[in-house]
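In: Let me see the structure of the following:
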Amino acid sequence: MNLNEQIIRPLLSNVGVVGLFFIPLISMRLFAEEKRNGTIELLTTSPIRDVEVIVGKWLAAVILYACLLLITAVNFIFLFKYGNPDWKPLAIGYLGLFLQAGSLLAIGIFISSLTKNQIIAGAVTFAVCLFLWILPWVSGYETASWARVLAYMSVVDHFESFAKGVIDSKDAIFYVTVIFLGLFLTTRSMEALRWRS
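Out: I've put the predicted structure just below:
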């Protein structure tokens, strides 16, 4: 019995699905609550730059998600105690989960910067994350080039190589690009807020 293929890979995929529900909950308050309480003015007038505030909030959200991932690692303690799985694909799978969550949290922080209602921020973040999750379904019904482009934008397809224990540079670059894009758009949103006030 191959423990990596039959136990670890499906479990990592399930952890990704659970993360789909936790990521909007983590990111919805990052800026929406600041706007609602009126403390966003303190952040925009403080001597630190907007990029530092944004990256700090994003890193805090990523660290919180990493703590949640550590809780799931308890399952693997028993697997290593009673079985003999290979630890390298497991570590690469966790790296993929970490990158996937970082990219979705960057999108969530951008959406949170657009509204002052955290419920709206959470719902829209969940909808966008779910949309990015189900994009490969389009390529199952359509074979045109636009369908392949949409399927390429899916966060699930880029996690598959990590779940197999392979670090594919195109998948890692995709996640890093989404992280950069989400944080860049959040920076533009904060600059627009500064100009409006």
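In: Okay, now the unreliable bits of this structure?
Out: Scanning the chain for pLDDT under 70 picks out 1-5, 196-197.
In: quick one: the helices in it?
Out: Counting by DSSP state H, one finds helices in the chain at the ranges 3, 9-27, 32-37, 40-45, 50-72, 74-82, 87-114, 118-134, 136-141, 145-152, 155-163, 169-196.
In: contacting residues around the closest residue to residue 106 other than its chain neighbours?
Out: Counting by CB to CB, 6 or more residues apart in numbering, residue 106 lies nearest to residue 182, which is 2.7 Å off, once chain neighbours are set aside. Any C-beta I mention is one placed from the backbone N, CA and C, and that applies to glycine too. With contact taken as CB atoms under 8 Å, 6 or more residues apart in numbering, residue 182 is in contact with 103, 105-110.
In: one more time with 6 Å, if that's ok
Out: 106-107, 110 (CB atoms under 6 Å, 6 or more residues apart in numbering).
In: Specify which member of these is nearest to residue 166.
Out: Of all the contacts of residue 182, residue 166 sits closest to residue 106, with 23.8 Å by CB to CB.
In: doesn't residue 179 make contact with the closest one?
Out: Yes. At 4.6 Å, residue 106 and residue 179 qualify as touching, with contact defined as CB atoms under 6 Å.
In: The residue nearest to residue 106 and residue 136, how far apart?
Out: Here residue 182 is placed at a distance of 21 Å from residue 136 (CB to CB, to the nearest Å).
In: I'd like to know how many residues surround the residue nearest to residue 132 when sequence neighbours are not counted.
Out: Excluding its sequence neighbours, the residue lying closest to residue 132 (CB to CB, 6+ apart) is residue 155, at 5.0 Å. Using other CB atoms under 10 Å, residue 155 is surrounded by 24 other residues.
In: Residue 155 and residue 10: what is the separation?
Out: 18 Å.
In: same check, this time on residue 111
Out: 30 Å.
In: ok, now residue 192?
Out: Distance from residue 192 to residue 10, by CB to CB: 43 Å.
In: One more: residue 76?
Out: Residue 76 is 13 Å from residue 10, by CB to CB.
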